[in-house]
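Student: For reference, the sequence and a predicted model appear below.
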Amino acid sequence: MERYKILTELGDGSCGTVYKAINMEISEIVAVKKMKRKFYFQEECTSLREVKSLHKLIHPNIIKLKEVVWENNELFFIFDYMERNLYQIMRDLERPFSEGEIRTLMFQVLQGLAYMHRSGYFHRDLKPENLLVTNNVIKIADFGLAREVSSMPPFTDYVSTRWYRAPEVLLQSPLYTPAIGKQHCNSLFD
């Protein structure tokens, strides 16, 4: 991690804290996610769902995992830096999004979701805080709860933030499909 200089904290979640940082070798601004728990073996790092899924998911509307750094039993993910998340944008708006703005944002989210589903993954925690935006480009982030479509049920009943959960998840069904992403999308701009 010596080539990265942490600039400021961007957010804190249940699994990690995200920082704005600079790659001092190439003067590039990046986002660094420092995982909260310790990792004692490299296999632990490479087997994480977030790492496995993001190495496979290369799409303009999915956040790019640039590098995984494991040192001193700490794990860091290096991502493209994005200026804000959709929640921050919506909170600071002085007027609601126009229909055209919503259509543009939803198109990008749905493009990312469709690619993810075609690639055999579903997200399970789609919410405004996990949709990152820079220059009107939106990217899906935070793949900590992502699952492979081929995974065998029953699935975990705690997925996604309560207000964005699909009915089958709210009703604690252990069987659900990638279609829960559609429900997440329905809730984004409410």
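Tutor: Structure received. Only a predicted model underlies this, so the values are computations on that prediction, with no experimental measurement involved.

Student: end-to-end on stretch 15-30?
Tutor: Start and end residues of stretch 15-30 are separated by 19 Å (Cα to Cα, to the nearest Å).

Student: hmm, who's touching that stretch?
Tutor: With contacts defined as Cβ atoms under 8 Å, 6 or more residues apart in numbering, stretch 15-30 is touched by 3-12, 31-37, 66, 77-81, 144. No exception for glycine: its C-beta is placed from N, CA and C like everyone else's.

Student: what's the offset of the lengthiest helix in the chain from the middle of its chain?
Tutor: Using DSSP state H, we find that the single longest helix of the chain is helix 99-118. The chain centroid and the centroid of helix 99-118 are separated by 14 Å, computed with Cα atoms, centre = their mean, to the nearest Å.

Student: same question for it, mean pLDDT?
Tutor: Average pLDDT, helix 99-118: 93.

Student: any idea which helix or strand comes after that helix?
Tutor: Toward the C-terminus, helix 99-118 is succeeded by strand 121-122 as the next helix or strand (DSSP states H and E).

Student: Listing partners with orientation, what would you give for that following strand?
Tutor: Strand pairing for strand 121-122, using DSSP bridges, gives strand 147-148 (antiparallel).

Student: contacts for the partner strand?
Tutor: The contact list for strand 147-148 (Cβ under 8 Å, 6+ apart) reads 49, 53, 120, 121, 122, 124, 155.

Student: beta partners for the closest residue to residue 77 other than its chain neighbours?
Tutor: Distances taken as Cβ to Cβ, 6 or more residues apart in numbering put residue 33 closest to residue 77, at 4.3 Å, once the chain neighbours are dropped. Taking DSSP bridges as the rule, residue 33 bridges to residue 18, residue 77.
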